[in-house]
Each structure stands twice: as C-alpha cells, then as structure tokens.
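Enquirer: Quick one: sequence and predicted model below, then my questions.
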Amino acid sequence: MPVTPEELKTAIRNSFHVSHLEVEDQSSGCGASYAIVLVSEDFEGKLSLARHRMVNEALKEQISQMHAFSQKTFTPKQYEAYLAKGN
C-alpha cells in the first residue's frame, strides 16, 4: 500500500511539536519517494544526525514502504535564518 502525504503528516504531527512542515511527493503520485522539511523545537540542542534518527524512528513504518526519503530538519531559529538567506 503506498504511503500518502496525509499519512506522513499525521505521523509527524503525532511525534513532534511541529511549527512548520512541508511534505513533497517526488514520485509523481505513487507514494514511493518523499522529501520533507520539518521545523520543530524538539530539535533544539540536537545534531543533524540525531534529528534524522528521530524522524526515521518516528516514521519507520512509512519509510519501509518507500523507495526514497529525504529530510531537512530545523529548529525554529535555524529555519528563520534559512529563509532569510533566500531559500
């Protein structure tokens, strides 16, 4: 069964204090490849690897059904700086 964007959003919102979330289906609708941008205060004080492990653990069921999954994780402050740089 393919993973839906709504399923990913629900799983993420149930696992993190989300201040911003983008979920992009990069597989032309088949649900096999997703990219996310997740901004959460839960990432404060955590290195990128630890953040990615947190997300991978929270989404392990969904990720196991995908071909590809990429993520960008930010604290709220980091995301403000990212946007200020024109991203």
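Expert: Cool, the structure landed. Numbering: from 1, shown residues only.
Enquirer: In the beta-sheet assignment, what are the partners of the residue nearest the centre of the chain?
Expert: In the chain, the centroid-proximal residue (C-alpha atoms, centre = their mean) is residue 36; its distance is 3.9 Å. Beta-bridge pairing for residue 36 (DSSP bridges): residue 23, residue 71.
Enquirer: which ones are touching it?
Expert: Applying C-beta atoms under 8 Å, 6 or more residues apart in numbering, one finds that residue 36 lies in contact with 8, 12, 21-24, 55, 69-72. All C-beta atoms are positioned from the backbone trio N, CA, C, and that covers glycine.
Enquirer: Swap in 7 Å and give it another go.
Expert: 22-23, 71 (C-beta atoms under 7 Å, 6 or more residues apart in numbering).
Enquirer: Would you check how far apart it and residue 59 are?
Expert: 9 Å (C-beta to C-beta, to the nearest Å).
Enquirer: swap in residue 83?
Expert: Counting by C-beta to C-beta - residue 83 and residue 59 are separated by 24 Å.
Enquirer: Would you mind telling me which of the two has the busier surroundings?
Expert: residue 59 (21 against 11; other C-beta atoms under 10 Å).
Enquirer: I figured the more buried one was touching residue 11, is that so?
Expert: Yes - using C-beta atoms under 7 Å, residue 59 is in contact with residue 11, at 5.6 Å.
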